[in-house]
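Q: compute the structure for the input listed below.
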Amino acid sequence: MGILGLDQVELDAAELALDAGRILFKYFAHPGDPINNLGVDYKNAAKTDPVTIADTEIQDYLTAEISKRHPSHGIVGEEGAANGGVAPDMVWVLDPLDGTRNFLHGLPAFACSIGVLHQGSIVAGAVFIPWPGMDTGIVLHASRGSGAKIDGKAFATPVIKAADPAGIMTLPGSFSSMFKFEDGFASRSGELRMAGSIAYELSLVALGITQYAVISGAHLWDIAGGLAVVMESGGGARKRVKLPIGDRLIGSTSPWGQIGALVNSSESGDFKYEEFRKYTPPILVASNSIIGELSANTRPKDMGIKGVTGSIFR
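A: Numbering: from 1, shown residues only. Purely as a prediction, here's the structure:
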């Protein structure tokens, strides 16, 4: 049974993502021009997590529009105040500007990500990304069972038979400390790129530009919009699942499972707002045709006798 009004939710998400893109372009510096005064502030003492007036302007705009169009829905945003209590069935998760540091330095690899969850599972999303030759960028959007679109036109992730050593892929900076490729796969895993924006990297997988991506250390707002598009475009996604220590010692059980719900319910069956702000497990994303190959050959370092021992005494 479909979710009532989901088609309209997708259309609204796509429209709002495009509006967010226009705001981003208003602040993004043209090549050769000085970087615009973006009122940069930082969310941590180390000054590694910047926020700009573009972030906050888009957050405020999206929150106001969603509240007007869907007053019964909940909203969780990276730049918004932390909500408390029980969330409704439908919750929008917003990253007004993913790739803020790229944006600050004039690198056109950034995104606005809008994801919609129903009872903790992703059901719709839209991602704005800049694109050469497109004055307004492009918006990738999807909803469950309706396929993926670019600016309203259907598209599908290209099917590839196997991972291509000449293809490109994206990995997080933390990959080597958390994972390793099996020896036979490492030599054909592809050429590494790092985009600096998770939502942008997910969009590249959906478009077939990169053959796969490994995501770690993400929040829900980083991934929800992109995952909605990937999974409706013919892409696949797996999340790291917790295994009992015995299975980790043996190392034969796959640590990668179906995405399913990304937000856990409480014992009473409710979904608390605080759960939407937690880190998500690591995720693999690829064309469905190679997601099995990727999950079979990407091994967490805390598996096997040596890995388990190391994780205990680390």
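Q: what's the residue closest to the geometric middle of the protein?
A: Per Cα atoms, centre = their mean, the C-alpha nearest to the average position across the chain is that of Ile223, at 1.7 Å.
Q: and whichever strand or helix holds that one, how far out from the chain middle?
A: Using DSSP states H and E, Ile223 falls within helix 220-232. Relative to its parent chain, helix 220-232 has a centroid offset of 5 Å by Cα atoms, centre = their mean, to the nearest Å.
Q: cool, stretch 185-193 as well?
A: In this view, stretch 185-193 has its centroid 22 Å away from the chain centroid, taken as Cα atoms, centre = their mean.
Q: measure it end to end?
A: From its first residue to its last, stretch 185-193 covers 17 Å (Cα to Cα, to the nearest Å).
Q: now that stretch: buried residues?
A: Neighbour counts over stretch 185-193 (16 or more other Cβ atoms under 10 Å) mark 185, 189-190, 193 as buried. C-beta: built from backbone N, CA, C; applies to glycine.
Q: save those residues as CSV, and put in secondary structure, pLDDT and distance to Leu16 too.
A: Shown next, in CSV, are those (DSSP: H, G, I helix; E, B strand; the rest coil; pLDDT from 0 to 100; distance: Cβ to Cβ, whole Å):
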residue, secondary structure, pLDDT, distance to Leu16
Phe185, helix, 94, 40
Ser189, coil, 94, 37
Gly190, coil, 95, 34
Arg193, strand, 93, 29
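Q: nearest to Met134 among those residues?
A: Nearest to Met134 among those: Arg193, at 20.9 Å, using Cβ to Cβ.
Q: and the closest one, what does it touch?
A: 168-170, 210 (Cβ atoms under 8 Å, 6 or more residues apart in numbering).
Q: wait, isn't the residue nearest to the centre of the chain in contact with Ile283?
A: Yes: at 6.6 Å, Ile223 and Ile283 qualify as touching, with contact defined as Cβ atoms under 8 Å.
Q: mutual contacts of these two, please.
A: Contact criterion Cβ under 8 Å, 6+ apart; residues shared by Ile223 and Ile283: Ile215.
Q: mind listing the strands for the stretch 151-300 of the chain?
A: 153-155, 168-170, 179-181, 191-193, 212-215, 235-240, 256-258, 283-287, 298-300 (DSSP state E, counting those that start in this stretch).
Q: output the below-cut-off pLDDT ranges for the stretch 151-300 of the chain.
A: Along the stretch 151-300 of the chain, segments meeting pLDDT under 70 span 244, 246-252.
Q: let's go with 90 and repeat that
A: Within the stretch 151-300 of the chain, the segments meeting pLDDT under 90 span 158, 161, 182-184, 217, 241-255, 260-261, 264-269, 300.
Q: then the helix holding Ile223 to PDB, C-alphas only?
A: The C-alpha trace of helix 220-232 is given here as PDB (Å, rounded to 0.1, in the frame of the first residue of the first chain):
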ATOM      1  CA  LEU A 220      20.900  11.200   8.300                       C
ATOM      2  CA  TRP A 221      20.600  14.600   6.600                       C
ATOM      3  CA  ASP A 222      23.800  13.900   4.600                       C
ATOM      4  CA  ILE A 223      22.500  10.700   3.000                       C
ATOM      5  CA  ALA A 224      18.700  10.600   3.000                       C
ATOM      6  CA  GLY A 225      18.100  12.600  -0.200                       C
ATOM      7  CA  GLY A 226      20.800  10.900  -2.100                       C
ATOM      8  CA  LEU A 227      19.800   7.400  -1.000                       C
ATOM      9  CA  ALA A 228      16.200   8.000  -2.100                       C
ATOM     10  CA  VAL A 229      17.500   8.700  -5.600                       C
ATOM     11  CA  VAL A 230      20.100   5.900  -5.700                       C
ATOM     12  CA  MET A 231      17.600   3.200  -4.700                       C
ATOM     13  CA  GLU A 232      15.000   4.400  -7.200                       C
END
